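Asker: Requesting a structural model of the entry that follows:
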Amino acid sequence: MNIIPQPQINADADEIDLYALFQSIWQQKKLVIGCALAVTLAGLTYAVVAPRIYEVSSVLRPAALNELDALNRSEVYKLPPADALSKVGAALESYETRLEFFREHQDLFQSFKRPGQTLEQSFEDFNRNSINLILPDPKKPGALSNYITLEMQYPNDVDGVAILNGFVDYAINAERARIGADLKVIVKNRLNELKGKIAAARSNYDTDKASKIATLLETDNIRRGQLEDERKALRLQLKEQRSGRLAELAEAISIAKSMGIRTPTTPSSMSDAAHAGSTQVMRTEVNNRAIPLYFMGYETLEAERTALQKRTSDDFTEKRIAEIGKELQMLQVNRQVQELNKRSNEDIFLKDVFPLRAEMARLRNLNIDMDQLKLVTIDRKALQPVKPIKPRTALITASSLVLGLVLGVILALLRHLIRSPRKSGHDKLLATPVLLDQSGKVRDKANDTPQ
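Answerer: Alright, predicted model coming up:
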């Protein structure tokens with residue numbers, strides 16, 4: 001019986017035999033373990049050699065209401081605790097405040113200085129990588145979420161506690177100084193405003209005073225002119241009356257002389273004289289007419305005329321002229337104007353300035369000790385950390401171990417693939433033995449029967 005090979009196609013040649021892969025990896029377990037140990041040792045070495053990075057933090061919360069009561073009661077500057085915390089937070093986040101602190105405390109930042117870098121460049125490295133300001137979540141309103149956290153990471157050769165606490169104090173003092181400066185400016189502006197109002201009131205007073213004096217003097221002048229005109233008119237009237245009286249007397253004297261009336265008489269007396277010797281009769285004269293002037297007799301009338309001709313002034317005959325003289329005398333001096341001009345302290349007569357003066361006095365006596373003003377409460381100061389946050393030895397070791405195992409497995413798989421390359425198409429035919437009998441017929445291997 002002859003055995004000849006028979007080509008046969010392997011149908012499972014393109015499929016990956018996982019068991020074979022696992023068996024190959026297991027056979028290379030020393031390589032995997034070696035890679036894992038090497039990478040783990042490298043990671044552990046890095047964890048030991050890498051510089052230690054520490055982290056400190058400080059928490060700020062709003063100050064109590066009584067801490068800001070003196071400032072708020074000044075009625076000049078309103079600063080609720082929440083606003084004070086926001087101002088301090090803005091100062092902590094301010095680039096200028098950080099730079100000024102960096103400049104004033106260069107002894108604390110020697111480790112951040114690099115050769116060939118300016119002060120501002122060194123500060124940029126510190127500011128970008130070291131300090132982090134954490135604000136409360138705006139989605140969680142309320143007193144419990146009203147805080148500010150300031151964190152700082154620093155290497156082992158830096159005094160991070162001193163830097164963070166010093167920076168917090170510096171920012172608070174800087175913001176306190178700014179509030180004090182703002183308060184001074186506001187008070188100064190308010191005082192200038194009040195002074196302007198008082199000056200305006202004084203100007204109004206001076207204008208009113210001058211107007212009042214001018215009005216009083218004008219009224220006096222008008223009244224004086226009216227009285228002078230009235231007295232002049234009265235004197236003219238009296239003069240005309242005297243002239244008329246003289247003419248009337250001259251006429252009466254002429255009539256009295258023609259009638260022979262020398263002494264004062266009456267019509268009845270003249271009638272009695274004409275009936276002399278008759279029975280004596282008593283008569284009573286009743287009439288409603290004035291007795292003519294010539295019945296006074298020419299002697300009496302001439303005496304009156306002589307007196308009138310010698311008269312130089314008729315003022316005494318009119319009572320009103322004396323009253324006019326009295327009024328003119330009183331108008332010589334206006335006592336109200338005189339008192340207005342004699343005022344020495346005119347500010348006390350200004351209208352609506354007493355509240356302004358009181359406010360000015362209050363602002364001048366405003367004494368707020370800004371050094372004692374507590375803007376925020378330092379809920380937690382920065383303390384010396386117990387251990388560094390970087391490097392994390394356990395995490396690095398575990399990660400290195402996992403990475404080493406993965407790397408070892410990958411190397412084992414590569415070695416397996418290199419040692420067992422895929423065969424070409426004609427190599428995929430596997431030779432199987434075929435049995436032939438003496439006659440050259442193929443026999444079945446299973447039952448050994450000719451076919």
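Asker: for this structure, longest strand please?
Answerer: The longest strand of the chain (DSSP state E) is strand 53-62.
Asker: Identify the residue spatially nearest to Leu150, adjacent ones excluded.
Answerer: Nearest non-adjacent residue to Leu150, counting by C-beta to C-beta, 6 or more residues apart in numbering: Ser58, 4.9 Å away. The way it works is simple: take the backbone N, C-alpha and C, and place the C-beta from them, glycine included.
Asker: so what's the one you found up against?
Answerer: 149-150, 164-165, 168, 378, 380-382 (C-beta atoms under 8 Å, 6 or more residues apart in numbering).
Asker: What is the most widely separated pair among those?
Answerer: Within the contacts of Ser58, Thr149 and Asn165 form the most distant pair, 14.0 Å apart (C-beta to C-beta).
Asker: Settle it for me: which of those two has more neighbours?
Answerer: Taking other C-beta atoms under 10 Å, Thr149 and Asn165 do not tie; Asn165 has more neighbours (18 against 15).
Asker: Pretty sure Arg380 is one of the things the more buried one touches, is it not?
Answerer: No: using C-beta atoms under 8 Å, Asn165 is not in contact with Arg380, being 10.6 Å away.
Asker: so when I look at Leu133, I'm seeing a helix, right?
Answerer: No: per DSSP: H, G, I helix; E, B strand; the rest coil, Leu133 lies outside any helix segment and is strand.
Asker: In helices, which of the contacts of Ser58 appear?
Answerer: Members of the contacts of Ser58 lying in helices (criterion: DSSP state H): 164-165, 168.
Asker: Dump those residues into CSV; add pLDDT and distance to Asp208 as well.
Answerer: Shown next, in CSV, are the ones in helices among the contacts of Ser58 (pLDDT from 0 to 100; distance: C-beta to C-beta, whole Å):
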residue, pLDDT, distance to Asp208
Leu164, 91, 65
Asn165, 93, 64
Val168, 93, 59
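Asker: any chance of these in CSV, with distance to Leu236 too?
Answerer: Shown next, in CSV, are the ones in helices among the contacts of Ser58 (distance: C-beta to C-beta, whole Å):
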residue, distance to Leu236
Leu164, 107
Asn165, 105
Val168, 101
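Asker: Which member of the residues you listed is positioned nearest Lys374?
Answerer: Within those, the smallest distance to Lys374 is 13.3 Å, found for Val168 (C-beta to C-beta).
Asker: And the closest one, how far from Gln384?
Answerer: Per C-beta to C-beta, to the nearest Å, Val168 is found 16 Å from Gln384.
Asker: Please say which of these two ends up with more neighbours.
Answerer: Using other C-beta under 10 Å as the criterion, Val168 and Gln384 rank with Val168 on top: 23 against 9.
Asker: What residue, apart from its backbone neighbours, is nearest that one spatially?
Answerer: The shortest distance from Val168 to any residue other than its chain neighbours is 5.4 Å, reached at Ser58 (C-beta to C-beta, 6+ apart).
Asker: Which pLDDT value goes with that neighbour?
Answerer: Confidence at Ser58, expressed as pLDDT, is 92.
Asker: Excluding chain neighbours, what is closest to Ala412?
Answerer: The shortest distance from Ala412 to any non-neighbouring residue, by C-beta to C-beta, 6+ apart, is to Gln28 (4.2 Å).
Asker: The one you found reaches Leu414, doesn't it?
Answerer: No: using C-beta under 8 Å, Gln28 makes no contact with Leu414, being 10.2 Å away.
Asker: Neighbour count: the two, which is higher?
Answerer: Neighbour count, other C-beta under 10 Å: between Gln28 and Leu414, Gln28 has more, with 18 against 10.
Asker: Any figure for the gap between that one and Cys35?
Answerer: Taken as C-beta to C-beta, the span from Gln28 to Cys35 is 10 Å.
Asker: Quickly list what's touching both of these two.
Answerer: Going by C-beta under 8 Å, 6+ apart, residues that sit against Gln28 and also against Cys35 are Leu411.
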